[in-house]
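K.L.:
Give me a model of this one.
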Amino acid sequence: MVRKCCSNCFSDKVLKLQINSIGRISRCHYCGTNDASTINIDQLYPLISPLIEVIDNIFEEHMDGYSLFHILSSEFKLFNSNVQEQIIEDALQDNRELINKKYKNFQTNTQNEWEAFK
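P.N.:
Okay, here's the model as predicted:
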(Lines give C-alpha, C1' and ligand atoms only; values in the text may rest on other atoms or scores of the structure.)
Protein backbone atom coordinates (compact mmCIF):
# COMPACT_ATOMS: atom_id res chain seq x y z
CA MET A 1 0.00 0.00 0.00
CA VAL A 2 1.35 3.41 -0.98
CA ARG A 3 1.54 5.85 1.91
CA LYS A 4 -0.02 9.26 1.45
CA CYS A 5 0.72 12.57 3.13
CA CYS A 6 -1.63 15.52 3.17
CA SER A 7 -1.38 19.28 3.18
CA ASN A 8 -2.29 19.27 6.89
CA CYS A 9 1.08 17.63 7.68
CA PHE A 10 2.85 20.84 6.71
CA SER A 11 2.91 24.41 7.94
CA ASP A 12 4.69 25.86 4.89
CA LYS A 13 2.05 27.73 2.86
CA VAL A 14 3.67 27.17 -0.53
CA LEU A 15 4.03 23.43 0.04
CA LYS A 16 0.43 23.21 1.25
CA LEU A 17 -0.74 24.96 -1.94
CA GLN A 18 1.32 22.61 -4.11
CA ILE A 19 -0.13 19.54 -2.40
CA ASN A 20 -3.65 20.93 -2.63
CA SER A 21 -3.23 21.61 -6.35
CA ILE A 22 -1.96 18.13 -7.28
CA GLY A 23 -3.48 16.03 -4.50
CA ARG A 24 -6.48 13.76 -4.37
CA ILE A 25 -8.92 13.47 -1.50
CA SER A 26 -7.96 10.54 0.70
CA ARG A 27 -6.88 9.61 4.24
CA CYS A 28 -3.43 10.75 5.38
CA HIS A 29 -1.16 7.98 6.64
CA TYR A 30 0.98 10.34 8.72
CA CYS A 31 -1.43 12.63 10.59
CA GLY A 32 -4.57 10.55 10.21
CA THR A 33 -6.71 13.28 8.66
CA ASN A 34 -9.64 11.91 6.67
CA ASP A 35 -10.85 13.49 3.43
CA ALA A 36 -7.75 15.63 2.95
CA SER A 37 -5.85 16.58 -0.17
CA THR A 38 -3.12 13.91 -0.29
CA ILE A 39 -0.18 12.97 -2.47
CA ASN A 40 1.74 9.71 -2.63
CA ILE A 41 4.79 9.96 -0.42
CA ASP A 42 7.11 9.55 -3.42
CA GLN A 43 5.69 12.81 -4.80
CA LEU A 44 6.94 14.75 -1.78
CA TYR A 45 10.68 14.65 -2.49
CA PRO A 46 10.49 16.64 -5.75
CA LEU A 47 8.51 19.32 -3.91
CA ILE A 48 11.01 19.69 -1.05
CA SER A 49 14.26 18.87 -2.88
CA PRO A 50 15.17 22.56 -3.48
CA LEU A 51 15.00 23.17 0.26
CA ILE A 52 17.01 20.02 0.99
CA GLU A 53 19.67 21.21 -1.47
CA VAL A 54 19.84 24.56 0.36
CA ILE A 55 20.31 22.77 3.67
CA ASP A 56 22.97 20.49 2.22
CA ASN A 57 24.84 23.52 0.85
CA ILE A 58 24.64 25.92 3.80
CA PHE A 59 24.67 23.61 6.83
CA GLU A 60 27.95 21.97 7.69
CA GLU A 61 27.87 18.19 8.10
CA HIS A 62 28.76 17.09 11.62
CA MET A 63 28.61 13.61 13.12
CA ASP A 64 27.04 14.93 16.35
CA GLY A 65 24.72 17.29 14.51
CA TYR A 66 21.02 17.41 13.79
CA SER A 67 19.00 15.25 11.42
CA LEU A 68 17.45 16.63 8.26
CA PHE A 69 14.00 16.20 9.81
CA HIS A 70 15.05 18.24 12.85
CA ILE A 71 16.34 21.07 10.67
CA LEU A 72 13.27 21.02 8.41
CA SER A 73 11.06 21.06 11.51
CA SER A 74 12.95 23.47 13.76
CA GLU A 75 14.72 25.85 11.42
CA PHE A 76 12.32 25.94 8.47
CA LYS A 77 9.07 25.09 10.30
CA LEU A 78 8.10 22.83 7.38
CA PHE A 79 6.07 20.27 9.32
CA ASN A 80 3.16 20.61 11.70
CA SER A 81 3.98 19.52 15.22
CA ASN A 82 2.01 16.26 15.03
CA VAL A 83 4.09 14.86 12.15
CA GLN A 84 6.78 12.32 12.98
CA GLU A 85 10.17 11.70 11.39
CA GLN A 86 8.79 8.74 9.42
CA ILE A 87 7.40 11.12 6.80
CA ILE A 88 10.86 12.34 5.77
CA GLU A 89 12.33 8.83 5.89
CA ASP A 90 9.60 7.61 3.54
CA ALA A 91 9.94 10.64 1.25
CA LEU A 92 13.71 10.06 0.98
CA GLN A 93 13.47 6.33 0.33
CA ASP A 94 15.35 6.76 -2.97
CA ASN A 95 17.89 9.12 -1.35
CA ARG A 96 18.82 7.13 1.75
CA GLU A 97 22.17 8.89 2.16
CA LEU A 98 20.33 12.08 3.15
CA ILE A 99 18.48 10.34 5.99
CA ASN A 100 21.69 9.53 7.82
CA LYS A 101 23.35 12.92 7.38
CA LYS A 102 23.72 15.12 10.43
CA TYR A 103 24.22 18.86 10.24
CA LYS A 104 25.81 21.36 12.57
CA ASN A 105 23.42 24.10 13.52
CA PHE A 106 24.49 27.69 13.13
CA GLN A 107 23.09 30.83 14.68
CA THR A 108 20.84 32.55 12.21
CA ASN A 109 17.20 33.33 11.75
CA THR A 110 16.69 30.70 9.08
CA GLN A 111 12.89 30.84 9.12
CA ASN A 112 12.79 34.57 8.33
CA GLU A 113 15.46 34.20 5.66
CA TRP A 114 13.54 31.29 4.08
CA GLU A 115 10.30 33.29 4.06
CA ALA A 116 12.06 36.26 2.47
CA PHE A 117 13.63 33.99 -0.15
CA LYS A 118 10.30 32.45 -1.15
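K.L.:
okay, CA-based contacts and neighbour counts for the rest of this
P.N.:
Noted.
K.L.:
List the buried residues of the longest strand seen in the chain.
P.N.:
Across the chain, the longest stretch assigned as strand under DSSP state E is strand 60-67. Within strand 60-67, the residues that count as buried by 16 or more other Cα atoms under 10 Å are Glu61, Gly65, Tyr66, Ser67.
K.L.:
now do stretch 89-109
P.N.:
Glu89, Asp90, Ala91, Leu92, Leu98, Ile99, Lys101, Lys102, Tyr103.
K.L.:
And the strands in the chain?
P.N.:
Ranges of strands within the chain are 4-6, 24-26, 36-40, 60-67, 102-104, based on DSSP E.
K.L.:
Determine the set of other helices and strands touching the fourth one.
P.N.:
In terms of contacts (3 or more Cα pairs under 8 Å, 6 or more residues apart in numbering; DSSP states H and E), strand 60-67 is packed against strand 102-104.
K.L.:
The strand it packs on: partners in the sheet, and parallel or antiparallel?
P.N.:
Neighbouring strands of strand 102-104 in its sheet, by DSSP bridges, are strand 60-67 (antiparallel).
K.L.:
any idea how far the strand it pairs with is from the chain center?
P.N.:
Centroid separation for strand 60-67 versus its chain: 18 Å, with Cα atoms, centre = their mean, to the nearest Å.
K.L.:
before we move on, what about stretch 14-28?
P.N.:
So, by Cα atoms, centre = their mean, the centroid of stretch 14-28 is 14 Å from its chain's centroid.
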